[in-house]
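S.K.: Structure for the following, please:
(one chain, ligands or ions: 1)
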Amino acid sequence: MTAKPHTTDAEEEYLQTLFWLFEAGLPMTGANVARAMQLSAPTVSEMMGRLERDGYISRAADKMISFTEFGRTEAEQIVSRHRMIERFLTDTVGVPWDEVHEEAEKLEHAMTPRFEAYVRSAVGDAATCPHGHPIQVGRRVEGVPLADCAIGAQVRVLRFENEAEDLLHYLKDVGLHVGLKGELAARDADTVTVTHSKGSSTVTMSVAETVTVTADPSPPPRTALPEQLVLARHRYGR
Ligand SMILES: [Zn+2]
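M.R.: Purely as a prediction, here's the structure:
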């Protein structure tokens with residue numbers, strides 16, 4: 001590859017998702033991208049072809065995707081900048097954390113380098129985005145899905161893996177936020193309940209799959225992507 005291609009908005013979205021899989025240690029496959037972005041396999045496959053052609057990724061015969069060095073650097077920058085903007089929007093502008101992901105998506109495509117430098121200094125040394133993802137990539141703290149924790153476990157919310165806006169609204173509505181400490185008070189086949197200083201929060205099991213916590217005692221770490229990663233409201237609503 002010789003010239004650096006211009007990354008389109010759509011390519012950036014896909015690179016972010018691929019990087020999230022990479023960061024989480026999950027298999028980088030078209031199927032996982034499709035699941036994470038709730039898109040059809042042919043749509044994803046077409047974009048993977050474009051990303052490969054533009055030199056961001058390579059695809060092996062077994063369909064495993066890997067970043068090229070160039071693609072990984074680009075993806076890191078995109079992801080880091082997105083998280084930094086989110087932090088800026090919540091802490092400096094006052095945008096609620098459940099609305100900030102979509103706003104950041106739009107803003108990041110419109111920022112000049114000069115404005116970006118102001119944003120960076122406003123954010124200072126904040127470690128994560130408002131959903132717990134590290135601004136400096138590579139600083140991801142290991143955790144476990146809330147769905148795996150046992151009754152009585154002391155939990156602390158580390159990260160919301162899925163930043164789909166309607167899912168973030170749901171999490172906020174039930175009283176969860178990153179950094180919240182509580183105790184896993186009840187669980188059954190369908191729901192998990194955490195009690196904390198402000199009361200209690202109950203989420204469906206599929207939502208609990210997307211909430212990463214540190215827990216004591218801790219279940220073993222997961223290595224597979226949950227079946228339902230990104231969920232439309234009708235799939236997790238009550
Ligand atoms: Zn975020």
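
S.K.: Can you give me the distance of L167 to E46?
M.R.: 26 Å (C-beta to C-beta, to the nearest Å). To be clear about C-beta, it is placed using only N, CA and C from the backbone, and glycine gets the same treatment.

S.K.: which of the two has more neighbours?
M.R.: Of the pair L167 and E46, L167 is the one with more neighbours under other C-beta atoms under 10 Å, namely 24 against 13.

S.K.: which stretch of helix or strand covers that one?
M.R.: helix 165-173 (DSSP states H and E).

S.K.: That helix near the ion at all?
M.R.: No. Using C-beta under 5 Å from the ion, helix 165-173 stays clear of the ion, with a minimum separation of 8.8 Å.

S.K.: Equivalent analysis for stretch 198-213, please.
M.R.: No. Stretch 198-213 does not reach the ion (C-beta under 5 Å from the ion); its nearest approach is 12.6 Å.

S.K.: And that stretch, end to end?
M.R.: Taking C-alpha to C-alpha, to the nearest Å, stretch 198-213 runs 18 Å from one end to the other.

S.K.: repeat for stretch 35-47
M.R.: End-to-end distance (C-alpha to C-alpha), stretch 35-47: 14 Å.

S.K.: Give the buried residues for it.
M.R.: R35, A36, M37, L39, V44, S45, M47 (16 or more other C-beta atoms under 10 Å).

S.K.: Just give me the closest of those to the ion.
M.R.: A36 (14.2 Å; C-beta to the ion).

S.K.: Report all helices and strands that the longest helix seen in the chain contacts.
M.R.: Longest helix in the chain by number of residues, with DSSP state H as the criterion: helix 69-88. The contact analysis (3 or more C-beta pairs under 8 Å, 6 or more residues apart in numbering; DSSP states H and E) places helix 69-88 against helix 9-24, helix 100-107, helix 113-123.

S.K.: residues of the second one that come out buried?
M.R.: To tie it back to what came earlier, the one meant is helix 100-107. Those would be V100, H101, E103, A104, E105, L107, for helix 100-107 by 16+ other C-beta under 10 Å.

S.K.: unless I'm mixing things up, L107 is touching E86, no?
M.R.: No. Using C-beta atoms under 8 Å, L107 is not in contact with E86, being 9.4 Å away.

S.K.: Sweet, I'm off.
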